[in-house]
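> build me a structure from this.
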Amino acid sequence: MGERGMEGDEQMRGEKGNIPQTYKEGNNLRMIDFSQNLLEGQISRSLKNCINLEILDLGDNQIKDIFPFWLGALPRLRILVLRSNRFHIAVEGPIMNEDFPELRIIDLSNNGFIGNLPLG
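Got it, this is the predicted structure:
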């Protein structure tokens, strides 16, 4: 699934395989909805290039990764949905503090996280 330089929104349904791995700097993506697929692998760190991203929905896949704290650098991210995947490891550190400054909705249900959810 090559390099991404999309404008606006990106959505996939009924896909199987790995999550797209390359997002170019300067893209104008505001929403990525890859929910309800059979996507595997890890979340691409190139998503940090999506500085206008407001909604990231990766729910209902088979993603196996640790909690992506680095997404907190996205200044406009308001909704983060990671439910029903295979995320693991203890959730540590504040999730809604100086990181994730605009985050209003987060769904981490049905994963392998342990510990309490720190709300900073």
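
> distance-wise, check the residue nearest the centre of the chain relative to residue 114.
Centroid-nearest residue in the chain, with Cα atoms, centre = their mean: residue 56, separated by 5.1 Å. To residue 114, residue 56 is 23 Å away according to Cβ to Cβ, to the nearest Å. For every residue, glycine as well, the C-beta is placed using N, CA and C.

> got it, and residue 42?
Distance, residue 42 to residue 114, using Cβ to Cβ: 19 Å.

> which of those two has more residues huddled nearby?
When residue 42 and residue 114 are compared for neighbours, residue 42 comes out ahead with 13 against 9, by other Cβ atoms under 10 Å.

> that's a helix at that one, yeah?
No. With DSSP: H, G, I helix; E, B strand; the rest coil as the criterion, residue 42 is assigned coil and is not in a helix.

> residue ranges with poor pLDDT in the chain?
1-7, 90-98, 115-120 (pLDDT under 70).

> which residues of it fall in strands?
Using DSSP state E, the strands assigned to the chain run over residues 3-4, 7-11, 16-18, 22-23, 28-33, 38-40, 55-57, 79-81, 88-90, 105-107, 112-114.

> nearest to residue 46, of those?
strand 22-23 (4.4 Å; Cβ to Cβ).
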